[in-house]
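Chemist: coords below, sequence missing:
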């Protein structure tokens, strides 16, 4: 009898494979970073082949560390950086262009044109998303319009589109030899091309973006048996692929937020707050996204409000790689803790514009309030505060949209290892912050989806029983302190706006 479930977690900066037992405990993992390709200001790309090669490597290494074979895996799930867009030739598996990453802003003119031409209301009503460079539909349109040969091959049925989950599932199940071309409802809901109510590709939206339907993958639920891996693939055997969720949706499942009103915040390259709204579609009036949270098999889809923040953990990487004030991301905590406060400095890392709740593609990063008194330690502390204040802006929008009475914030992701950052978060919000034992809930959530589909877990009740708290941070701030700090932050946010011209 198979004893484990695996999860491929393909993220913005790295790919990992994790193996979990029935109690949701980690058995083994392996992780590899991949190159961030930035050919122009605001452009961010990945090499799809590098991601596929890394996926094969991490699977083989993690299984070797665990000492298991394909027969020991009941199923695998896949979770992925969501809006990142790939177009490839179904005959060869060769991408026509690098993957365009969700952070990329080259499609800001496409988004502006959609607004100018009066399409914004229809797109938002049907898809739950505002026209923005963030989402996959504009990236796909850009490839069709700017990469030689793609339009002709798309019309001929050769060029196909997918987010990274689609790309990996296609290769895992055979690639050019009848590989499955599919995605799930959560990833499809991030394209601006799917109708939230019907959970199907929408003809009017396809016409607006001039996308041939033949390019698009089949939309499936987030938890069902889609197919099996190729015997000669990285698993060296047939393993059922039974879970597929965009990364933030997977984290919601991994945090077992199955009840309406439950909220989680994932701290990674960016921050993503997702609020379960049940089977009801809640339309935001405060700059949030309406999205599909998950769909488990034949059950009705569950919806969510989401606040997406583009740059949080990657701002710490920027301190390391561009400014050179720390040697490793983990050094940011000690450096920031060496000063008592930010020394009047605010850092708004709007490197690719501002996402929720502002949606300003004309914004760019700002470090404000500098004096000769300030040091790199103040900048490091301001960077941690930026992670927390951006999250507060989204929480405030959720409180307004959903009449949310926030009692506790569940957190996960790599940045939660930074205990100073989590204490700042509790102080900025004025509520406790809770981290689970398994902080990498993105991988765990996709494993849960796969395991539910094959009966490895009988119900979500078993998953809820698996959840355990590792650490809790209580707020130590006063309301006066919170209000003063947030007011300073908002002044800095205002100074990011209108920095670049958007046609």
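Modeler: Nice, I can see it. Nothing here was measured: the structure is a model prediction, and the numbers come from that model.
Chemist: the helices in the stretch 251-400 of the chain, which residues?
Modeler: Taking DSSP state H, counting those that start in this stretch, the helices of the stretch 251-400 of the chain run over residues 313-318, 331-337, 376-402.
Chemist: low-confidence ranges in the stretch 201-350 of the chain?
Modeler: Low-confidence segments of the stretch 201-350 of the chain (pLDDT under 70): none present.
Chemist: Please name the residues that touch the residue nearest to residue 419 when sequence neighbours are not counted.
Modeler: In space, and not counting its chain neighbours, residue 419 is closest to residue 333: 6.9 Å by CB to CB, 6 or more residues apart in numbering. (C-beta placed from N, C-alpha, C; glycine too.) The contact partners of residue 333, by CB atoms under 8 Å, 6 or more residues apart in numbering, come to 384, 418, 419, 420, 421.
Chemist: quick check, nearest of those residues to residue 64?
Modeler: residue 418 (30.8 Å; CB to CB).
Chemist: Chain neighbours aside, what residue packs nearest to the closest one?
Modeler: residue 333 (4.8 Å).
Chemist: Likewise for residue 114?
Modeler: Nearest to residue 114 is residue 131, by CB to CB, 6+ apart, at 3.9 Å.
Chemist: how about the one you found, what does it touch?
Modeler: By CB under 8 Å, 6+ apart, residue 131 lies in contact with 110, 111, 112, 114, 115, 119, 120, 123, 124, 138, 192.
Chemist: One more: residue 76?
Modeler: Residues near residue 76 by CB under 8 Å, 6+ apart: 5-8, 229, 235, 239-243, 447, 450.
Chemist: Ok, residue 30 next?
Modeler: Contacts of residue 30 (CB under 8 Å, 6+ apart): 16, 17, 57, 58, 59, 61, 62, 65.
Chemist: just checking, the fifth one touches residue 234?
Modeler: Meaning residue 59. Yes - applying CB atoms under 8 Å as the test, residue 59 and residue 234 come out as touching, 4.2 Å apart.
Chemist: Excluding chain neighbours, give the residue nearest to residue 47 in space.
Modeler: Nearest to residue 47 is residue 98, by CB to CB, 6+ apart, at 5.9 Å.
Chemist: quick one: the one you found and residue 49, what's the gap?
Modeler: From residue 98 over to residue 49 the distance is 10 Å, taken as CB to CB, to the nearest Å.
Chemist: for residue 91, same thing?
Modeler: For residue 91 relative to residue 49 (CB to CB), the value is 16 Å.
Chemist: ditto for residue 26
Modeler: Distance of residue 26 to residue 49, computed by CB to CB: 28 Å.
Chemist: just to revisit the earlier point, of residue 98 and residue 49, give the one with the bigger neighbour count.
Modeler: residue 98 (20 against 16; other CB atoms under 10 Å).
Chemist: Quick check: chain neighbours aside, which residue is closest to residue 192?
Modeler: Using CB to CB, 6+ apart, the nearest residue to residue 192 is residue 137, at 3.7 Å.
Chemist: Next up, the contacts around that neighbour.
Modeler: Per CB under 8 Å, 6+ apart, neighbours of residue 137: 191, 192, 193, 205, 209, 211.
Chemist: likewise residue 227?
Modeler: So residue 227 contacts 169, 173, 180, 240, 241 (CB under 8 Å, 6+ apart).
Chemist: Mind checking which of those land in strands?
Modeler: 240, 241 (DSSP state E).
Chemist: Would you mind giving the contacts of residue 227 as CSV with distance to residue 344 and neighbour count added?
Modeler: Listed next are those as CSV, based on distance: CB to CB, whole Å; neighbours: other CB atoms under 10 Å:
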residue, distance to residue 344, neighbour count
169, 50, 26
173, 55, 20
180, 55, 20
240, 56, 19
241, 52, 25
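Chemist: Please identify which of the contacts of residue 227 is nearest to residue 248.
Modeler: residue 169 (18.8 Å).
Chemist: so how far is residue 17 from that closest one?
Modeler: Taking CB to CB, one finds residue 169 at 15 Å from residue 17.
Chemist: quick check, nearest of the contacts of residue 333 to residue 278?
Modeler: For these, the nearest to residue 278 is residue 421 (30.8 Å; CB to CB).
Chemist: How many neighbouring residues does the closest residue to that closest one other than its chain neighbours have?
Modeler: Spatially, and ignoring its direct neighbours in sequence, residue 421 is nearest to residue 384 (4.5 Å; CB to CB, 6+ apart). Look at residue 384: counted by other CB under 10 Å, it has 27 neighbours.
Chemist: show me the contacts for residue 384.
Modeler: Contacts of residue 384 (CB under 8 Å, 6+ apart): 316, 332, 333, 336, 418, 420, 421, 424.
Chemist: How about residue 32?
Modeler: Residue 32 touches 14, 15, 16, 54, 57, 58, counting by CB under 8 Å, 6+ apart.
Chemist: ranking the residues you listed by neighbours, who comes first?
Modeler: Among those, residue 15 has the most neighbours (other CB under 10 Å), with 27 neighbours.
Chemist: Below-threshold pLDDT in this protein: ranges please.
Modeler: Confidence mapping of the chain against pLDDT under 70 gives the ranges 502-503.
Chemist: wait, doesn't residue 216 sit right on residue 201?
Modeler: Yes - Residue 216 lies in contact with residue 201 (CB under 8 Å); the separation is 5.5 Å.
Chemist: And the furthest pair within the contacts of residue 137?
Modeler: Spatial extent of the contacts of residue 137 (CB to CB) is set by the pair 192 and 211 at 10.0 Å.
Chemist: Between the two, which is the more surrounded one?
Modeler: residue 192 (30 against 21).
Chemist: how far is the host helix or strand of residue 30 from where the chain is centred?
Modeler: For residue 30, the element it lies in under DSSP states H and E is strand 26-33. On the basis of CA atoms, centre = their mean, to the nearest Å, strand 26-33 sits 19 Å off its chain's mean C-alpha point.
Chemist: go on, stretch 338-354?
Modeler: Worked out by CA atoms, centre = their mean, stretch 338-354 lies 23 Å from the chain centre.
Chemist: How about the contacts made by residue 434?
Modeler: Shown in contact with residue 434 (CB under 8 Å, 6+ apart): 408, 409, 410, 411, 469, 471, 472.
Chemist: would you say the fourth one is within a strand?
Modeler: Spelled out, it's residue 411. Yes - under DSSP: H, G, I helix; E, B strand; the rest coil, residue 411 falls within a strand.
Chemist: right, and it touches residue 425 too?
Modeler: Yes - if you go by CB under 8 Å, residue 411 and residue 425 touch, sitting 7.3 Å apart.
Chemist: and for the two, which residues touch both?
Modeler: With CB under 8 Å, 6+ apart as the test, residue 411 and residue 425 both reach residue 433.
Chemist: now for the helices of the stretch 251-400 of the chain, which one comes closest to residue 363?
Modeler: The closest of the helices of the stretch 251-400 of the chain to residue 363 is helix 376-402. By CB to CB, the value is 12.2 Å.
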